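next input, structure requested:
(2 chains)
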There are 2 protein chains.
Amino acid sequence: MTKIIEVKERIIQDNNAVANQTREVLKEKNIFFVNLMASPGAGKTTLLTKVLPILKEKYRIGVIEADVDSDVDAKTMESLGIKALQVHTAGLCHMDADMTKRSLDALGLEDIDVIVLENIGNLVCPAEFDTGAHLNMMILSVPEGDDKPLKYPLMFQNSQFVVVNKIDVKEVFDFNDAKFENNVRLQNENCPIYYVSSKTGEGIEKVGQYIMKCIEEYRSHENN
Amino acid sequence: MTKIIEVKERIIQDNNAVANQTREVLKEKNIFFVNLMASPGAGKTTLLTKVLPILKEKYRIGVIEADVDSDVDAKTMESLGIKALQVHTAGLCHMDADMTKRSLDALGLEDIDVIVLENIGNLVCPAEFDTGAHLNMMILSVPEGDDKPLKYPLMFQNSQFVVVNKIDVKEVFDFNDAKFENNVRLQNENCPIYYVSSKTGEGIEKVGQYIMKCIEEYRSHENN
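Down below sits the predicted model:
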């Protein structure tokens, strides 16, 4: 009989254990944790520069920037008065729970209500690994195409919030909302899908409001 | 000042330590270890079914099949009389040194001279992780295009042997050998580049001979 070993199960189990520990720690401190995923160039950092000022009016924010080798993204956050940590990943394909835990420790959890992890630019590998976040959020940018849920099913399955960015170029790229939503629903029946343009600002306020709703639900639940 | 942490360094250091341990263990047992990498569908398994019978005349072979969720590839190897282990990776993006070590333990190192790891089908992530192999070998299939060294530089940098497969369809896909070699040389000055068709058999014997040369060099070195 062919000998088979299951390596994924063990790795995912180990990862989940650390992710659950992280959620325990965050629960004690009443901190909400958002994991933001997208392809390179989908507009993660730019969207954050628009959305975080909305959240900042109500919460103390910390950002972990894990998608590049420079400190440009962390500096951008700091210029907005937001506490930031730059994680140099140098080509690694995802943040796992252990890397995330170390990053949270390095950022420091004092005086923070909401943490946003800008994950490594990749629609495949980050979807495999629970980071310990409460909200997995992904951005799909219009130029990537409305068929992407078919190509990256796990990413769409594991996201609880999908934001379509760069809708200002929707006509140039022949992006069909109905087709996209249909493709998303094949993977994920429930996640809200919001449409924004970080460039024109369209839809940004609603994204901020939705994240705030998630934060409030978490906090009211925590206080029960 | 922006706070920065380097997660890759630590991960790669940990991984390299395990990979070096693996090489120590293999050295004691005089076992040569080949790590075979390629995109999905480039023809890893089919090439192995052609090349391993050549190596098998001289060496006792063990194969670790890590690229799929079935046990088809391991069964294919066993039908050739080759000891095989199927590793279920279920979508994980690469084999790291620890996963490889556990796979080698599960395969068993007795009565083996040469181990081949058929790595997960992916030109990005596997290139980041030293598995403990002595020879990193990659396949690029003609339909993938002669520009791929530009898109996957690390894979070409970290391979010591590049095989171009499916040369029987070279004209259909307008694959230019000179252009390809030029693109490879931008990443890697020395690696040999061999051209084969697993379908027609062209070039297969030479690939087998080259791997045998690498094995003999390793073994003569080991015995010094």
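
list the beta-bridge partners for the nearest residue to residue A:214 once chain neighbours are set aside.
Spatial nearest neighbour of residue A:214, excluding adjacent residues (C-beta to C-beta, 6 or more residues apart in numbering or on different chains): residue A:135 at 5.3 Å. Where C-beta positions appear, they are placed from N, C-alpha and C, glycine not excepted. Taking DSSP bridges as the rule, residue A:135 bridges to residue A:34.

find the centremost residue of chain A, please.
Centre of chain A computed as the mean C-alpha position; nearest residue by C-alpha atoms, centre = their mean is residue A:36, 1.2 Å away.

which parts of the longest helix along chain A are buried?
Identified as the longest helix of chain A according to DSSP state H is helix A:7-28. Going by neighbour count (16 or more other C-beta atoms under 10 Å in any protein chain shown), the buried part of helix A:7-28 is A:7, A:8, A:11, A:12, A:15, A:18, A:19, A:22, A:23, A:25, A:26.

among these, which one sits closest to residue A:185?
residue A:12 (25.6 Å; C-beta to C-beta).

for whichever strand or helix holds residue A:104, packing partners?
Using DSSP states H and E, residue A:104 sits within helix A:97-107. The contact analysis (3 or more C-beta pairs under 8 Å, 6 or more residues apart in numbering or on different chains; DSSP states H and E) places helix A:97-107 against helix A:7-28, strand A:61-65, strand A:83-88, strand A:114-118, strand B:3-6, helix B:7-28.

just to revisit the earlier point, gap between the residue nearest to residue A:214 and residue B:179?
Distance from residue A:135 to residue B:179, counting by C-beta to C-beta, to the nearest Å: 46 Å.

those two: who's more crowded?
For residue A:135 versus residue B:179, the count of surrounding residues by other C-beta atoms under 10 Å in any protein chain shown is larger for residue A:135: 19 against 14.

re the thing from before, flag every buried residue along the helix holding residue A:104.
Within helix A:97-107, the residues that qualify as buried are A:97, A:98, A:99, A:100, A:101, A:103, A:104, A:107, counting by 16+ other C-beta under 10 Å.

C-alpha coordinates for it, CSV please?
The C-alpha coordinates for helix A:97-107 follow below in CSV (Å, rounded to 0.1, in the frame of the first residue of the first chain):
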residue,chain,number,x,y,z
ALA,A,97,0.1,32.9,13.2
ASP,A,98,3.5,32.8,14.8
MET,A,99,4.9,35.6,12.6
THR,A,100,1.8,37.6,13.4
LYS,A,101,2.1,37.0,17.2
ARG,A,102,5.8,38.2,17.1
SER,A,103,4.7,41.3,15.1
LEU,A,104,1.9,42.0,17.7
ASP,A,105,4.5,41.7,20.5
ALA,A,106,6.8,44.0,18.7
LEU,A,107,4.1,46.6,18.0
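
now do that helix and strand A:114-118, the angle between them.
Orientation note: helix A:97-107 sits at an angle of 120 degrees relative to strand A:114-118 (axes from the mean of the first three to the mean of the last three C-alpha atoms, to 10 degrees).

now the angle from helix A:97-107 to helix B:7-28?
Using the same axes, to 10 degrees: helix A:97-107 against helix B:7-28 is 140 degrees.

re earlier: elements contacting the longest helix of chain A?
Counting contacts by 3+ C-beta pairs under 8 Å, 6+ apart, helix A:7-28 is packed against strand A:32-38, helix A:97-107, strand B:83-88, helix B:97-107.

mean pLDDT lowest for which of the ones you listed?
Among the helices and strands packed on helix A:7-28, strand B:83-88 carries the lowest mean pLDDT, at a mean of 90.

and that one, which strands flank it?
Strand pairing for strand B:83-88, using DSSP bridges, gives strand A:3-6 (parallel), strand B:61-65 (parallel).

in the helix or strand of chain A with the lowest mean pLDDT, what's buried?
Counting by mean pLDDT, DSSP states H and E, chain A has its least confident helix or strand at strand A:3-6, which shows a mean of 83. By neighbour count on 16+ other C-beta under 10 Å, the buried set for strand A:3-6 is residue A:5.

picking up where we left off before, quick one, which of the helices and strands packed on helix A:7-28 gets closest to residue B:143.
strand B:83-88 (26.6 Å).

near chain B, which residues of chain A?
By C-beta under 8 Å from any C-beta of the partner chain, the residues of chain A that approach chain B are A:2-9, A:11, A:66, A:71, A:74-75, A:78, A:84-94, A:99, A:102-103, A:106-107, A:124-125, A:128, A:154.

tell me where the model's unsure across chain A.
Scanning chain A for pLDDT under 70 picks out the ranges A:68-70, A:222-224.

let's see that with 50 instead.
By pLDDT under 50, the low-scoring segments of chain A are A:224.

setting aside sequence neighbours, what's the nearest residue to residue A:47?
Nearest non-adjacent residue to residue A:47, counting by C-beta to C-beta, 6+ apart: residue A:198, 5.1 Å away.

quick check: which element contains that neighbour?
Counting by DSSP H and E, residue A:198 is part of no helix or strand.

so it touches residue A:166, yeah?
Yes - with contact defined as C-beta atoms under 8 Å, residue A:198 and residue A:166 form a contacting pair (7.5 Å).

which residues do these two both contact?
Shared between the contact lists of residue A:198 and residue A:166 (criterion: C-beta atoms under 8 Å, 6 or more residues apart in numbering or on different chains) are residues residue A:43.

contacts for the least confident helix or strand of chain A next, please.
Residues outside strand A:3-6 that contact it (C-beta under 8 Å, 6+ apart): B:71, B:74, B:84, B:85, B:86, B:87, B:88, B:90, B:102, B:103, B:106, B:107.

OK, contacts around the residue nearest to residue A:214?
Residue A:135 is in contact with A:32, A:33, A:34, A:35, A:160, A:161, A:211, A:214, counting by C-beta under 8 Å, 6+ apart.

redo the contacts of strand A:3-6 as TSV? Include distance to residue A:183.
As requested, the contacts of strand A:3-6 are exported to TSV (distance: C-beta to C-beta, whole Å):
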residue	distance to residue A:183
B:71	32
B:74	34
B:84	38
B:85	37
B:86	32
B:87	31
B:88	28
B:90	23
B:102	37
B:103	36
B:106	39
B:107	41
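
is it fair to say residue A:139 lies in a strand?
Yes - looking at residue A:139 with DSSP: H, G, I helix; E, B strand; the rest coil, it is inside a strand.

how near is it to residue A:67?
For residue A:139 relative to residue A:67 (C-beta to C-beta), the value is 12 Å.

with residue A:170 instead?
Per C-beta to C-beta, residue A:170 is found 25 Å from residue A:67.

need the helices and strands packed on helix A:97-107 in TSV with distance to residue B:149, can you?
Shown next, in TSV, are these (distance: least, C-beta to C-beta, whole Å):
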stretch	distance to residue B:149
helix A:7-28	29
strand A:61-65	30
strand A:83-88	25
strand A:114-118	30
strand B:3-6	27
helix B:7-28	22
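
I'm done for today, thanks for sticking with me.
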